[in-house]
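# below are the sequence and a predicted model; questions follow.
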Amino acid sequence: MITRLNHVAIAVPDLKKAAAQYEALGAKTSAPQDLPEHGVTVVFVTLENTKIELLHPLGENSPIGKFLEKNPAGGIHHLCFEVENLETASKTITDLGARLLGNGTPAIGAHSKPVVFAHPKDFQGTLVEFEQS
């Protein structure tokens, strides 16, 4: 059902500085992209075998702002896995006893594809995003 790791998301207090670090190491970075519906600005660092999503708060109610209050230096926020069928994956996740965040309805993520998030308490303490491939 999980086909591959799509990205590791890292919350950062300074988006330009974080992107510059990866660029200095030879990685390609995207332009910043505001996602108001998720309360974040993202920059993708593209590597040969995966991506890193740098997350920065956008707006007062950003979940990343809350994360950075607890972790001022930033840190890993979530893992994103691609799935062949998001509806089937969502049912399997809930059948396993895990909770989907929000109302469980997929939202459109940063790659313009449907995504759902599973509660970290139900996934070994890790927030997990599942994205339709």
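Ah, there it is.
# please identify which helix or strand holds the closest residue in space to Leu127 that isn't next to it in sequence.
Using Cβ to Cβ, 6 or more residues apart in numbering and skipping the chain neighbours, the partner closest in space to Leu127 is His78 (3.9 Å). C-beta coordinates here come from the backbone N, C-alpha and C atoms, glycine included. Here His78 sits within strand 75-83, counting by DSSP states H and E.
# any idea what the residue nearest to Leu127 is bridged to?
Here His78 sits in beta bridges with Ala9, Leu127, going by DSSP bridges.
# can you pull the contacts of the nearest residue to Gln132 once chain neighbours are set aside?
With sequence-adjacent residues excluded and distances taken as Cβ to Cβ, 6+ apart, Gln132 is closest to Leu86, at 4.2 Å. Going by Cβ atoms under 8 Å, 6 or more residues apart in numbering, Leu86 touches 106, 114-116, 130-132.
# pairing partners for the lowest-mean-pLDDT helix or strand in the chain, with directions?
In the chain, no helix or strand scores lower on mean pLDDT, DSSP states H and E than strand 107-108, which sits at a mean of 93. Take DSSP bridges as the rule and strand 107-108 pairs in its sheet with strand 114-118 (antiparallel).
# now the strand it pairs with against strand 75-83, angle please.
120 degrees (axes from the mean of the first three to the mean of the last three Cα atoms, to 10 degrees).
# name the surrounding residues that touch strand 114-118.
78, 80, 86, 89-90, 93, 98-102, 104-109, 127-132.
# name only those of these that count as buried.
For the contacts of strand 114-118, a burial check counting by 16 or more other Cβ atoms under 10 Å picks out 78, 80, 86, 89-90, 93, 98, 100, 106, 109, 127-132.
# quick check, nearest of those to Lys121?
Ala98 (8.8 Å; Cβ to Cβ).
# not counting sequence-adjacent ones, nearest residue to the closest one?
Leaving aside its sequence neighbours, Ala98 sits nearest to Asp122 (Cβ to Cβ, 6+ apart; 3.6 Å).
# tell me if I'm right that that neighbour and Leu101 touch.
No - Asp122 lies out of contact with Leu101 (Cβ atoms under 8 Å); the separation is 10.1 Å.
# if anything else comes up later, I'll come back, but that's it for now.
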